[in-house]
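# Got a predicted structure plus its sequence, pasted below:
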Number of protein chains: 2
Amino acid sequence: MILEELLRLESHPTASGLYDVVRRRLPRISLGTVYRNLELLAQAGAIRKLDMSGAEARFDGNVHPHDHVRCVECGQMADVAVAPIDLSDRGPHDFHGYQILGRRLEFLGICPSCRQQTGHNHPLEGERTC
Amino acid sequence: MILEELLRLESHPTASGLYDVVRRRLPRISLGTVYRNLELLAQAGAIRKLDMSGAEARFDGNVHPHDHVRCVECGQMADVAVAPIDLSDRGPHDFHGYQILGRRLEFLGICPSCRQQTGHNHPLEGERTC
DNA sequence: GTATGTGCAAATGGTTTGCAGTGGG
DNA sequence: CCCACTGCAAACCATTTGCACATAC
């Protein structure tokens, strides 16, 4: 039922956000159970766990290859089609001998609704813009 | 002195790793102070805070634009030259109206020393390989 | 003396875990 | 009856914070 609700949502809920939703159908479920099952589902490859950038982890029912944008203001996330990375000129020694298994790419920005509310500038604190 | 030690190291230490190093020169320094100053230095743009992928945050004295590889086994990190991302065919609506400020790219792999020790396979749990 | 920065210890918050209970097979 | 799974609460761990004190100006 946790999986069902995650698939229904196209937001990328946090564990406790999903907990709130699932609790509407299973009022006696505990947050620990939600965490346990999300972990199992992620390991089984049924869902993806998005634990980037030190924030609260978010979960994604879409297991097709894709990247993400995250709002630096509110933490909301959205899907982005896979952005091709040019590694044509790289040898293994550009990676210091690491055997590369994968990559994680996350765009950072401001979502439409946060953009309206605050005229803030978010210079990304010492981070190159893109 | 925290900054000095971080610049001297080319590993990408965690806060407590750096704490251990700095404590050799300042035996009475506290971990809280290390955190406080790393935060200030990162905000001032003197260092970079690398808090990707839900692990313990790491700090980098190299503020030039570059990406990273992280060992999924031991957490060690290394620098990688900026990998160009092809966004030529993207309009703002591919990003769901997000105003893009930056990106974070992290390669995941196994570092040379972990590679020797364990013949393990690390299929990156339901993650596309790269 | 006033402001800034520190050590220390306690609080925080997301996540994990130990354990006893429960329900399905 | 057994076992996998659960609720619950406590533990965990990186990080942050409150506070009293120290040091520099």
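Structure received. Just so it is clear, the model here is predicted, and its values are computed rather than measured. Residues are numbered from 1 along each chain as shown, chains lettered A, B, ... in the order given.
# longest helix in chain A, by residue count?
In chain A, taking DSSP state H as the definition, the longest helix is helix A:31-44.
# residues of it that come out buried?
Neighbour counts using 16 or more other C-beta atoms under 10 Å in any protein chain shown place A:V34, A:Y35, A:N37, A:L38, A:L41, A:A42 of helix A:31-44 among the buried residues. For glycine as for every other residue, the C-beta is placed from the backbone atoms N, C-alpha and C.
# Just list what whatever helix or strand comes next after it packs against, helices and strands only.
Remark: after helix A:31-44, the chain's next helix or strand is strand A:48-50, criterion DSSP states H and E. For strand A:48-50, the elements it packs on are helix A:31-44, strand A:58-60, judged by 3 or more C-beta pairs under 8 Å, 6 or more residues apart in numbering or on different chains; DSSP states H and E.
# Quick check: the closest residue to DNA strand D within chain A vs A:L6, distance?
Distances between chain A and DNA strand D by C-beta to the nearest atom of the strand are smallest at A:T33, namely 2.9 Å. Per C-beta to C-beta, to the nearest Å, A:T33 is found 14 Å from A:L6.
# Next: A:H66.
16 Å.
# neighbour-wise, which of these two wins?
A:L6 (25 against 15; other C-beta atoms under 10 Å in any protein chain shown).
# Could you tell me whether the more buried one really is in a strand?
No. Counting by DSSP: H, G, I helix; E, B strand; the rest coil, A:L6 is not found in a strand; it is helix.
# Enumerate every residue touching it.
A:P13, A:L18, A:L38, A:L41, A:I47, A:F59, A:G61 (C-beta atoms under 8 Å, 6 or more residues apart in numbering or on different chains).
# so which of the residues you listed would you say is closest to chain B?
Chain B lies nearest to A:I47 out of these, by C-beta to the nearest C-beta, at 7.9 Å.
# Any idea what A:H68 is bridged to?
A:D79, A:E106 (DSSP bridges).
# Go ahead and confirm it touches A:A81.
No. Counting by C-beta atoms under 8 Å, A:H68 does not reach A:A81; the two are 10.7 Å apart.
# Could you check which of the two has the larger neighbour count?
A:H68 (19 against 13).
# so who does that one touch?
Counted by C-beta under 8 Å, 6+ apart, A:H68 has contacts A:H12, A:L50, A:M52, A:D60, A:M77, A:A78, A:D79, A:V80, A:L105, A:E106, A:F107.
# How about the helix or strand bottoming out on mean pLDDT in chain A, which residues are buried there?
Across the helices and strands of chain A, mean pLDDT, DSSP states H and E gives its lowest value to helix A:112-117, namely a mean of 85. Neighbour-count burial for helix A:112-117 flags A:C114, A:R115 (criterion: 16+ other C-beta under 10 Å).
# Check whether it comes near chain B.
Yes. Interface with chain B: helix A:112-117 contributes A:P112, A:R115 (C-beta under 8 Å from any C-beta of the partner chain).
# among the contacts of A:L6, which are in reach of chain B?
A:I47.
# Which members of the contacts of A:L6 are the farthest-apart pair?
Using C-beta to C-beta, the two most remote members of the contacts of A:L6 are A:P13 and A:L41, lying 13.2 Å apart.
# How many neighbouring residues does A:A15 have?
Quick note: A:A15 (other C-beta under 10 Å) scores 19 neighbours.
# coming back round to it: closest to DNA strand C out of the helices and strands packed on strand A:48-50?
When those are compared by C-beta to the nearest atom of the strand, helix A:31-44 sits nearest DNA strand C, at 3.0 Å.
# Can you show me the CA trace of the closest one as PDB?
C-alpha atoms of helix A:31-44 as PDB (Å, rounded to 0.1, in the frame of the first residue of the first chain):
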ATOM      1  CA  LEU A  31       6.700   5.800  10.600                       C
ATOM      2  CA  GLY A  32       9.300   3.000  11.200                       C
ATOM      3  CA  THR A  33       7.300   0.700   9.000                       C
ATOM      4  CA  VAL A  34       7.200   3.200   6.200                       C
ATOM      5  CA  TYR A  35      11.000   3.600   6.400                       C
ATOM      6  CA  ARG A  36      11.500  -0.200   6.500                       C
ATOM      7  CA  ASN A  37       9.400  -0.800   3.500                       C
ATOM      8  CA  LEU A  38      10.800   2.100   1.500                       C
ATOM      9  CA  GLU A  39      14.200   0.700   2.100                       C
ATOM     10  CA  LEU A  40      13.200  -2.700   1.000                       C
ATOM     11  CA  LEU A  41      11.500  -1.400  -2.100                       C
ATOM     12  CA  ALA A  42      14.500   0.600  -3.000                       C
ATOM     13  CA  GLN A  43      16.800  -2.400  -2.600                       C
ATOM     14  CA  ALA A  44      14.400  -4.400  -4.800                       C
END
